[in-house]
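*Asks:* coords below, sequence missing:
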């Protein structure tokens, strides 16, 4: 049987009126911000922080610091294993797309797709499969094919006609650095991405994203206090304009200040040798309410959802597809 994957892309604006739909991934960070009594203030304050950060980085020809605003769309990707079967589409991943609005010229400038990244299969791999694999083992290890299926699904999506019809450039995903690694500052400095850091060993997340066809570099942008991990396919410094890169930095540094204030809202800037820690005490909180414990719990629940509705019922089909998939 020859399985052909078909992808459908949906988008919804992430603004102060955003309300997560019933079928969105509730572990998605922006869905977490958009619930509860503080939802509208959360959203308004988050978007204001992003705009302020963007204008601080895009300071040229911007004397009053309010030339630009960033519009965000949540991109949801659904997948059909067999378009002919009539089975319901399976939710696969969610990304974030930035658009820069230049109020001086009244133009909209394409930003970057990627940024935030959430995936049902990744939840399954990290919150279900990895825990089961290591249960009772004296030392931590990963299954031999860990991340293989997810990596192929992601690459199949990025190379699909559906992706190319919506987006002009490959995705860039921007995440927190790993608290298990030490990062060393280099002499390399980019005007927008800032100071580059390097580390001696890749983290489990780095290895996982490598199977998705993405390389990683770590930069600490101006006005930031810790490096961010940038995952990309081509040439991070050459393929994207300064405004595109600033749209990702301002969005994801803001989200990290909210999600991981111990690292990204620390009161001291990362030094020459830097190991991030969530146990760090010298940091400031934003005025935005975020439930990190709920998110960890939901990751396990949604990993089990992926197992029940995707991994188990389609195991044989997925295994055959994965074995035959050529990049």
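*Replies:* Cool, got the structure. None of these values were measured; they are calculated from a predicted model.

*Asks:* tell me the mean pLDDT over the host helix or strand of residue 97?
*Replies:* Element membership of residue 97 [criterion: DSSP states H and E] is strand 90-102. The average pLDDT for strand 90-102 rounds to 94.

*Asks:* same check, this time on stretch 132-148
*Replies:* 91.

*Asks:* list the buried residues of that stretch.
*Replies:* 146, 147 (16 or more other C-beta atoms under 10 Å). No exception for glycine: its C-beta is placed from N, CA and C like everyone else's.

*Asks:* quick one: residue 252 and residue 177 touch, right?
*Replies:* No - between residue 252 and residue 177 there is no contact under C-beta atoms under 8 Å: 11.9 Å.

*Asks:* now do the shared contacts for those two.
*Replies:* Contact with both residue 252 and residue 177 is made by residues residue 228, according to C-beta atoms under 8 Å, 6 or more residues apart in numbering.

*Asks:* circling back to that earlier point, buried set for the strand holding residue 97?
*Replies:* 90, 91, 92, 93, 94, 95, 96, 97, 98, 100, 101, 102.

*Asks:* how about those in CSV, adding distance to residue 130?
*Replies:* CSV is the format used below for the buried residues of strand 90-102 (distance: C-beta to C-beta, whole Å):
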residue, distance to residue 130
90, 21
91, 21
92, 20
93, 19
94, 21
95, 23
96, 25
97, 29
98, 31
100, 38
101, 41
102, 44
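
*Asks:* low-confidence stretches in the stretch 201-327 of the chain?
*Replies:* 289-296, 327 (pLDDT under 70).

*Asks:* if we use 50, what do you get?
*Replies:* Scanning the stretch 201-327 of the chain for pLDDT under 50 picks out nothing.

*Asks:* hey, where'd the helices end up in it?
*Replies:* For the stretch 201-327 of the chain, the helices defined by DSSP state H, counting those that start in this stretch occupy 204-210, 236-239, 242-259, 261-264, 292-306, 315-324.

*Asks:* and residue 9, helix, strand or coil?
*Replies:* strand (DSSP: H, G, I helix; E, B strand; the rest coil).

*Asks:* what residues are up against residue 17?
*Replies:* residue 43.

*Asks:* tell me where this structure has strands.
*Replies:* All strands of the chain, identified by DSSP state E, fall at 6-14, 68-80, 90-102, 107-119, 172-176, 183-190, 194-199, 215-220, 228-232, 273-274.

*Asks:* how about those strands in CSV, adding distance to residue 147?
*Replies:* Converted to CSV, the strands of the chain look like this (distance: least, C-beta to C-beta, whole Å):
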stretch, distance to residue 147
strand 6-14, 20
strand 68-80, 17
strand 90-102, 14
strand 107-119, 11
strand 172-176, 14
strand 183-190, 22
strand 194-199, 19
strand 215-220, 14
strand 228-232, 13
strand 273-274, 26
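
*Asks:* out of those, flag the one nearest residue 164.
*Replies:* Among the strands of the chain, strand 6-14 comes nearest to residue 164, with 10.8 Å by C-beta to C-beta.

*Asks:* any chance you could list what contacts the closest one?
*Replies:* With C-beta under 8 Å, 6+ apart as the criterion, strand 6-14 contacts 18, 21, 30, 43, 71-80, 83, 89, 92, 96-97, 157, 160, 162-163, 166.

*Asks:* which ChimeraX command selects the buried ones in those residues?
*Replies:* Those of those that count as buried under 16+ other C-beta under 10 Å are selected in ChimeraX with:
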select :18,30,43,71,72,73,74,75,76,77,78,79,80,92,96,97,157,160,162,163
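
*Asks:* pretty sure residue 311 is in contact with residue 318, am I right?
*Replies:* Yes - here residue 311 reaches residue 318: they are 7.3 Å apart, a contact under C-beta under 8 Å.

*Asks:* now flag whichever of the buried residues of strand 90-102 is closest to residue 56.
*Replies:* Within the buried residues of strand 90-102, the smallest distance to residue 56 is 14.3 Å, found for residue 100 (C-beta to C-beta).
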